[in-house]
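Undergrad: The sequence and its predicted three-dimensional model are supplied below.
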Amino acid sequence: MGRTAAVDEARERAHLLIRLAAIALGGTLVLLGGAGGLSLAAGVLLLYLAAALVLRFFPAARRVAALSPAVDLVAITALVFAFPLELAPWILYVFAIGAAALGSGPVGAVTSTALAVVGYDAALILRGEQARATDLWPVQALIAIGLVTAEIVWALRRQDLETIWSRVHARALGALSRQRDPSEVLRTLVTEVAHLPRVRGAWAWRLGTDQRLRTSFTAGAAPAGEIVVSAEALRALRSPGGLERIVPDMSGLAIPVSTDPPITMGVALDASSPEERATTAGAIHDLVGDAGSLLAAAFERVRREEEAASLEATVRALGVIGAERAQAAVLASCLLEAGTLVGGRATIFRLADGTVIAGDLPGSALLELARDRRLPAIVPATSSPAVANVLEPGATVALVGLSEGRVLATIGTVERLTARLPLLERIAHGARDRLALIAERDELQRAAKELGRDVESLGGALRAKEDALATAVHELKNPLTAVHGYATLMSRNLQAVQGQLAQLERLMADLLSTEQRVAGVEGAVDAAAEAKEAIARARVRGATIDLDAPAESVRLAIGHARFAQLLDNLLANALKYSSPAQPIVVRVNAGEGEGKVSVTDRGVGIPNEHLARIFDRFYRVGGASEAVAGQGLGLSICKEIVAAHGGRIWAESEGPGRGSTFTFTLPLALRTPAA
């Protein structure tokens, strides 16, 4: 059983109790009246009892609203006729008044009182010979009883109504306080108001920038979705008032809920008495007023959350832009981040001619909006008829300056663009600073590349001069050493001194020449004969050198000076890393199309891991060899000479302390007929 059904059941039970009490009192009067009025009064009481039971237990009998109070008044009026006036039967009307007040409230009490007075007066008129002047005072008593009953019922009804409204108000506020989003707060408010008694429907109105009212969140009866209102109606929206000022064919209330944004609550009411309408309107005003505070708090919370999210997005955007290393990437990131910030599209164009650098918005339309404006600016597309036809209807454009005559343009709602314009400027300034840094970096890189090329060119020239000088110093040592030795024996070997001086002149000429000699052009040498001369030059230093050569000559395709330089370097290297008591062996062999010459010593030897680099320029083996003076050029010069003449050179060693063998091969010279 629902709450309403339970209340109706209790009311009908109370009606039965009141009627039974009246019947019981009537029975007492029958006993007091004696036999004269017993039959008629008893019959009326029996009929009254039967009617009371029918009204209580047969719901169909209660469908006629006036039947219940009519039964009470008719039965009690009949009893007043049946009883003697001295028994004061008028008191039975009190039960009829009470039953009417219980069923219809103060109106029922007053109506029943008036009818009771009429019935009692009719009884007095019909029984005029029995009536006395003192019998008129019950009329005043009935009136007083009726008014007091009506006032008591009205006060009780008022208290019950206030309790009901308080419960409804508390329940509605509870539902509203659980919502955090402004749209949900507004939707819940509309739903709760629509459920109030005597409310036909409720809705929310939003006032757009085009001065149109748009209906949303409707519940029950509601006006059209969009209304064009007059200036007077717009002024009426700013304060609470009647709904008729805005929608003439509807009766109800129009109550402002929010000013930022402008939202008005519309409520359509059923036809009711002025008292009921005032009660309902007061309850609605109280509920909407409290909901307005919750709605304002929700809007403020959303604004703060959006501001925090926007600041976070701006910081992230600045980080993304600051990490870009190319101008095109900076512009692309600026475009994407600006569009994300305002929730719309963005474009970068040139202010000079409207050329679009990035984005998909029409540059000519944007140029029309930006012309003769001080940036930054927020411009509605409707400000130019030509632009309004190109961009989407109702579009608003924010224009922010970038560097070098470039402009960042974004499309969005006017509210969002207005709130985000300072953040758009920050993004534009970040992109401008990053573009300036990238331009400065590119300029410095270009200057550094040019400087690097100049340094590389100068370094190459210096290295060439240093290499030539080091080679000259190294190669001059061997002839000078031999000259020094031969000078001490000048009296015995003057011819050898002259030969070494000639060799020195040839070396100096070769070193000073900038042209590379070509293999096969310098002539040919007898490897064995040249080896003997080289050994003779080396023996001046006190070395023991043996020659192992075939009887027939081995002619190699190399000039005399270069071959002598090659052997002198290898013998000098062997002497440096061997003791004078240890012999050195020079071997000459002839093979298929090439001759092979090797120099073997029993000196310090070479570790296996150094064999691959022993011929590199300035490379020296560490360890015991560090005590021997040298520059690391002799073997590299040998390699260059052999390679230039089409041969190969390599080194072999069984390890430290076990000596070394340096071997080179050169092509055999073509034989020519003897002259």
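TA: Received it, and whenever you're ready, just let me know what you need.

Undergrad: From what I see, Gly359 and Gly344 are in contact.
TA: No - using CB atoms under 8 Å, Gly359 makes no contact with Gly344, being 11.3 Å away. For every residue, glycine as well, the C-beta is placed using N, CA and C.

Undergrad: Give me the next element, helix or strand, following the helix or strand of the chain with the lowest mean pLDDT.
TA: Taking mean pLDDT, DSSP states H and E as the measure, the chain has helix 490-512 as its least confident helix or strand, at a mean of 57. Note on helix 490-512: by DSSP states H and E, the next helix or strand toward the C-terminus is strand 525-526.

Undergrad: Direction included, what does that following strand pair up with?
TA: strand 555-556 (antiparallel) (DSSP bridges).

Undergrad: Name the residues that touch the strand it pairs with?
TA: By CB atoms under 8 Å, 6 or more residues apart in numbering, the residues outside strand 555-556 that reach it are 524-527, 563, 595, 666-669, 671.

Undergrad: switch to 7 Å and redo it
TA: Under the criterion CB atoms under 7 Å, 6 or more residues apart in numbering, residues 524-527, 563, 595, 666, 668-669 lie in contact with strand 555-556.

Undergrad: for it, the distance to its chain's centre please.
TA: Centre-to-centre, strand 555-556 and its host chain are 82 Å apart (CA atoms, centre = their mean, to the nearest Å).

Undergrad: For Ile255, grab phi and psi.
TA: phi -130, psi 120 (degrees, to the nearest 10).

Undergrad: Pretty sure Ala431 sits against Val330.
TA: Yes - using CB atoms under 7 Å, Ala431 is in contact with Val330, at 5.5 Å.

Undergrad: Can you list the helices and strands that the host helix or strand of Val74 packs against?
TA: Using DSSP H and E, Val74 sits in helix 67-82. For helix 67-82, the packing partners by 3 or more CB pairs under 7 Å, 6 or more residues apart in numbering; DSSP states H and E come out as helix 3-33, helix 38-57, helix 93-126.

Undergrad: tell me which residues in it are buried?
TA: 68-69, 71-82 (16 or more other CB atoms under 10 Å).

Undergrad: Would you agree Thr280 falls within a helix?
TA: Yes - per DSSP: H, G, I helix; E, B strand; the rest coil, Thr280 lies within a helix segment.

Undergrad: how close does it get to Asp249?
TA: Computed as CB to CB, to the nearest Å, the Thr280 to Asp249 distance reads 20 Å.

Undergrad: higher neighbour count, these two?
TA: For Thr280 and Asp249, the more surrounded residue by other CB atoms under 10 Å is Thr280, and the numbers stand at 22 against 7.

Undergrad: Now do the same contact list for the more buried one.
TA: Taking CB under 7 Å, 6+ apart as the test, what Thr280 contacts is 196-198, 269.

Undergrad: Ok, Ala204 next?
TA: With CB under 7 Å, 6+ apart, Ala204 has these contacts: 186, 190, 216-217, 263, 265.

Undergrad: Could you say which helix or strand holds it?
TA: Using DSSP H and E, the element containing Ala204 is strand 199-207.
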